[in-house]
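Trainee: Got a sequence here, can you build the structure:
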Amino acid sequence: MAAEQDLYFDAEVSVFKINDGTLRNISPYINELRGLPGQYKMHDLTTHGSVGERPAPGLQTNRLILEMLFNMVTDVGTWTVLKNLWNNTTLAPFAYYPAGEVTDNPKITGNAYLAIFEITGRVGNQASVHAELAVNNGVTLGAVSA
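Mentor: Numbers count the residues shown, from 1 in each chain. Okay, the predicted model is just below:
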């Protein structure tokens, strides 16, 4: 039996891949990834005579936020990948493995548009990138298969 501490993972083992025409692993350049799996828009089903609110889940609303280091590595750099997504304005398949690509570990997949692409430069600091992906038609929660 695995020790309980083995069930926690450092974010450095996380893997994020996106297809900008080629499937690319941009994990090494990500400082922070948040927004997955997302949330549901809640509908109010409260009727007369209810003693409290009666919410019900509706559509998924998912926005994937990436904070990254700016770089121009030819094959997988943030400039290379995000520039392609920005110029193509097409859906890009992605896969996120929050605990690494080990069999039976969690896997979140979907398709998204690059909605926000901002490069920030401050004198004396490394240039950074803020990107937001608007997920199309929700995400799928699954597991890494062998």
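
Trainee: in the protein, which spans are strands?
Mentor: With strands called from DSSP state E, the chain shows them at 15-19, 23-25, 30-34, 39-44, 55-61, 63-69, 92-97, 106-120, 128-143.

Trainee: ok, so what distance separates the nearest residue to E32 once chain neighbours are set aside from E118?
Mentor: Ranked by Cβ to Cβ, 6 or more residues apart in numbering and with sequence neighbours excluded, the top spatial neighbour of E32 is E67, at 4.1 Å. Yep, even glycine has a C-beta here, placed from its N, CA and C like the rest. E67 sits at a distance of 10 Å from E118 (criterion: Cβ to Cβ, to the nearest Å).

Trainee: Next, show the common contact partners of the two.
Mentor: Residues touching both E67 and E118 (Cβ atoms under 8 Å, 6 or more residues apart in numbering): 129-130.

Trainee: Quick check on those two: which one has the bigger neighbour count.
Mentor: Set side by side, E67 and E118 show more neighbours around E67, with 15 against 10, by other Cβ atoms under 10 Å.

Trainee: Would you confirm that D44 contacts S50?
Mentor: No - using Cβ atoms under 8 Å as the test, D44 is too far from S50 to be in contact (10.1 Å).

Trainee: quick revisit: just send the strands of the chain back as TSV, with mean pLDDT and distance to L82 too.
Mentor: Output for the strands of the chain, formatted as TSV (pLDDT from 0 to 100; distance: least, Cβ to Cβ, whole Å):
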stretch	mean pLDDT	distance to L82
strand 15-19	96	9
strand 23-25	94	10
strand 30-34	94	12
strand 39-44	89	24
strand 55-61	88	22
strand 63-69	94	8
strand 92-97	96	10
strand 106-120	96	5
strand 128-143	95	6
